[in-house]
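> How does the following fold in three dimensions:
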Amino acid sequence: MNANSTSQIIVVAGWVLGSFFLGCSSVELTKVPKKPLPFHPPPLVELPLELPPEGGPRRPVDTMSPTPLSSPGPEITIVDSNQPGLRATAERDPDVKTQLGDRFAFINTEEVPASRCLVTLKARDPATSRTTERPAASEALEYRLTYYSYTNNVAVHVCLNDQQISSIQPDPRKGYQPEEGDEEITAAIELARADQRIAQEVQTLHGHAILTSPEEYRYFWVSDEAGFGDRVFWVTFSEMPESLALYFARVDLTAQTVLDAGKEAGLQ
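Predicted coordinates for the structure are as follows:
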């Protein structure tokens, strides 16, 4: 190719690129009209859920007549500052030790109305607990510590009032699984990282873990499948905290075992 042909190509390419950028700069963006926010926010409504007898995820009890909430909402405060002292008081109590067994994990501490510290069941829907309402100004508050006992495979609530234990209660809701605790997330990742099926590949990767709930996802579980009814976590490993998962594991903390582990689907 001679110099003349090369210069012509450069001129044409420059003209095309220039036209493109000039055209882009002249495009007028669509103007979206702004609407004012409503003066009164819509009222909150309570939508009770139930576990259908034929199985499957929870569904609304009655979608046609939701009940307006009589208060601004549940008054529950997650407590962080004095958790070590509250835990020490609870975990040295002989009755608490009996309920927790040898193997357990701490979940969280909540500050709740004293009259609502115990979990009670509704007669209409035994699978749901009574709603915690905003307390009256004169009502005292208590600390509710929630644990999960792997020994007994049940959540346990310990209520304390002025550093004294007022009640100890295994959660009465069938199949209830509280949210995952930080201790459990760490334990699930460590068990998964040690599994020989993925151990060599995941040692330098970031681990993530979330709780799975067999009770909520009956369609995807079989009652005699390993891990059914246990405290099972889905663990993934990735190169960066927000990047795609490369490896996975299903970890049963109740049985302290890894049910399954391997590469994520689609990875070569």
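> which residues of the stretch 151-268 of the chain score low on pLDDT?
The model of the stretch 151-268 of the chain has pLDDT under 70 over residues 213-224, 266-268.
> can you map out the strands along it?
154-161, 164-170, 206-212, 232-238, 245-252, 257-263 (DSSP state E, counting those that start in this stretch).
> Would you reformat the ones you listed as a markdown table and include distance to Gln200 and mean neighbour count?
For every residue, glycine as well, the C-beta is placed using N, CA and C. Below are the strands of the stretch 151-268 of the chain laid out as a markdown table (distance: least, Cβ to Cβ, whole Å; neighbours: other Cβ atoms under 10 Å):
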| stretch | distance to Gln200 | mean neighbour count |
| --- | --- | --- |
| strand 154-161 | 36 | 21 |
| strand 164-170 | 41 | 15 |
| strand 206-212 | 15 | 18 |
| strand 232-238 | 12 | 21 |
| strand 245-252 | 10 | 21 |
| strand 257-263 | 12 | 16 |
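> mind checking which of these is nearest Lys35?
strand 206-212 (36.8 Å; Cβ to Cβ).
> Tell me which residues are up against the closest one.
Residues outside strand 206-212 that contact it (Cβ atoms under 8 Å, 6 or more residues apart in numbering) are 177, 179-180, 184-185, 188-189, 192-193, 231-241, 245, 250-251.
> for the stretch 1-150 of the chain, which spans come out with low pLDDT?
1-31, 46-47, 49-58, 62-81, 122-139.
> can I see the domain layout of the protein?
Domain assignment of the chain by automatic domain parsing yields the ranges 48-170, 182-263.
> Determine which stretch of those domains is the most buried.
domain 182-263 (a mean of 16; mean count of other Cβ atoms under 10 Å).
> what ranges do the helices span in the stretch 101-250 of the chain?
182-194, 199-202 (DSSP state H, counting those that start in this stretch).
> Could you dump those helices into CSV with distance to Leu141 added?
Listed next are those as CSV, based on distance: least, Cβ to Cβ, whole Å:
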stretch, distance to Leu141
helix 182-194, 24
helix 199-202, 43
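> Which one of those lies nearest to Ile107?
Nearest of the helices of the stretch 101-250 of the chain (Cβ to Cβ): helix 182-194, 7.8 Å.
> Show me what the closest one is packed up against.
strand 104-113, helix 199-202, strand 206-212, strand 232-238, strand 245-252, strand 257-263 (3 or more Cβ pairs under 8 Å, 6 or more residues apart in numbering; DSSP states H and E).
> any chance of the ones you listed in CSV, plus distance to Asn153?
Output for the helices and strands packed on helix 182-194, formatted as CSV (distance: least, Cβ to Cβ, whole Å):
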stretch, distance to Asn153
strand 104-113, 10
helix 199-202, 27
strand 206-212, 14
strand 232-238, 11
strand 245-252, 11
strand 257-263, 14
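> mind exporting stretch 150-160 as PDB, just the C-alpha atoms?
Only the C-alpha atoms of stretch 150-160 are listed here, as PDB (Å, rounded to 0.1, in the frame of the first residue of the first chain):
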ATOM      1  CA  TYR A 150     -27.300 -27.800  67.200                       C
ATOM      2  CA  THR A 151     -27.600 -30.400  69.900                       C
ATOM      3  CA  ASN A 152     -31.400 -30.100  69.900                       C
ATOM      4  CA  ASN A 153     -31.700 -28.500  66.400                       C
ATOM      5  CA  VAL A 154     -33.900 -25.700  67.600                       C
ATOM      6  CA  ALA A 155     -33.700 -21.900  68.200                       C
ATOM      7  CA  VAL A 156     -33.600 -20.900  71.900                       C
ATOM      8  CA  HIS A 157     -34.500 -17.500  73.300                       C
ATOM      9  CA  VAL A 158     -33.200 -16.200  76.600                       C
ATOM     10  CA  CYS A 159     -34.800 -13.100  78.100                       C
ATOM     11  CA  LEU A 160     -33.000 -10.900  80.600                       C
END
